[in-house]
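1. give the three-dimensional model of this entry:
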Amino acid sequence: MKRLINSTPSRGGRWLLGLLPFVLLGMLYLSLSNARLAENPNDPLLPTPAKMAQSFHHLATAENARTGEILLWSDTLASLERIVIGVGISALIGLIVGILNGGLPLVRAKLSPLVTVASLIPPMALLPILFIAFGTGEAAKIALIVIGVTPFLIRDLQGHALRLPDEQLIKAQTLGASSWQVLLRVLLPQLTPRLLNATRLAMGTAWLFLIAAEAIAAQEGLGYRIFLVRRYLSMDVILPYVAWITLLAFLLDQLLAWVSRLAFPWYHASEGDNA
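-> Prediction:
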């Protein structure tokens, strides 16, 4: 008898098993929505899929009377710009500091405690300080993402650098490599794919900080729109926006995964990563 731990589904089976939870959640939502609407046809809390599709189509096609912009696309572009800039800055800082902390013991002794403490500070607690320091413009929102994501990336890359076999560093030095050559030719090539993987893991956190910052102080953005319409209990707008944010996050995740597989196939072969 084949043990359960050794049973693996086929490619088609993986798709079916992956879709099953979504189908069950959809059926649960429909049953709850129908029950509420049967009692009160004007109940706004669980709108029908048709109502949500109608509202989403309106947001995606109708121009705003005040600005002349289409709300969905202007909100999407504003949020994507913020998260790409914030995560990009975080990744750059994380890579530089992670390599230095992981490769140079003197730097690690100075910066590692600071990074550890910084990673334990709740970024949302710093949001009022950021608004005071940078105002309510783009800088505060991007800074919140950077503060929330960068320490995680640094610690992940530093830990990965310290787990590399000592033989690699010793052989490089035996062949005459200087400290900077070891960092750039031994550590950097191996930490770059790890950075992409860690960035994928941090994207959910980055979206959380973005939505929170937009909800408090913004004039456009996906988070701003959700918190703007919540006062009207417009679930037919909120739920599609949440689904849209989820889709965008999934596409960004898959884009990073595709770039990583394309640029560093050896890393995924060694890690056994099929994501």
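2. when you work out contacts or count neighbours from here on, use the C-alpha atoms and nothing else.
-> Fine.
3. how much space separates Thr199 from Leu187?
-> 18 Å (Cα to Cα, to the nearest Å).
4. helix or strand with the lowest mean pLDDT in this structure?
-> helix 265-271 (a mean of 78; mean pLDDT, DSSP states H and E).
5. just the buried residues of that one, please?
-> Residues of helix 265-271 classed as buried by neighbour count (16 or more other Cα atoms under 10 Å): 267-268.
6. then stretch 103-116?
-> The neighbour-count check on stretch 103-116 (16+ other Cα under 10 Å) flags 103, 108, 112, 115 as buried.
7. do the same with stretch 84-104
-> For stretch 84-104, burial by neighbour count (16+ other Cα under 10 Å) applies to 84, 86-91, 93-95, 97-103.
8. follow-up on the earlier one: which strands and helices sit next to the least confident helix or strand of the chain?
-> With contacts taken as 3 or more Cα pairs under 8 Å, 6 or more residues apart in numbering; DSSP states H and E, helix 265-271 sits against no other helix or strand.
9. restricting to C-alpha, output it in CSV.
-> Taking Å, rounded to 0.1, in the frame of the first residue of the first chain, the C-alpha atoms of helix 265-271 are listed here in CSV:
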residue,chain,number,x,y,z
PRO,A,265,17.9,28.4,-13.4
TRP,A,266,20.7,26.8,-11.4
TYR,A,267,19.3,28.2,-8.2
HIS,A,268,15.9,26.7,-8.6
ALA,A,269,17.4,23.4,-9.7
SER,A,270,19.5,23.2,-6.5
GLU,A,271,16.6,24.4,-4.3
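10. can you get me a residue count around Ile211?
-> By other Cα atoms under 10 Å, the residues close to Ile211 number 21.
11. the buried residues of stretch 84-104 in helices, which ones?
-> By the criterion of DSSP state H, membership of these in helices covers 84, 86-91, 93-95, 97-103.
12. let's check: the centremost residue of this structure is which one?
-> Met203 (1.2 Å; Cα atoms, centre = their mean).
13. what sits against that residue?
-> 87, 249, 253 (Cα atoms under 8 Å, 6 or more residues apart in numbering).
14. returning to what we had before: how far does the least confident helix or strand of the chain sit from its chain's centre?
-> In terms of Cα atoms, centre = their mean, to the nearest Å, the centre of helix 265-271 is found 22 Å from the chain centre.
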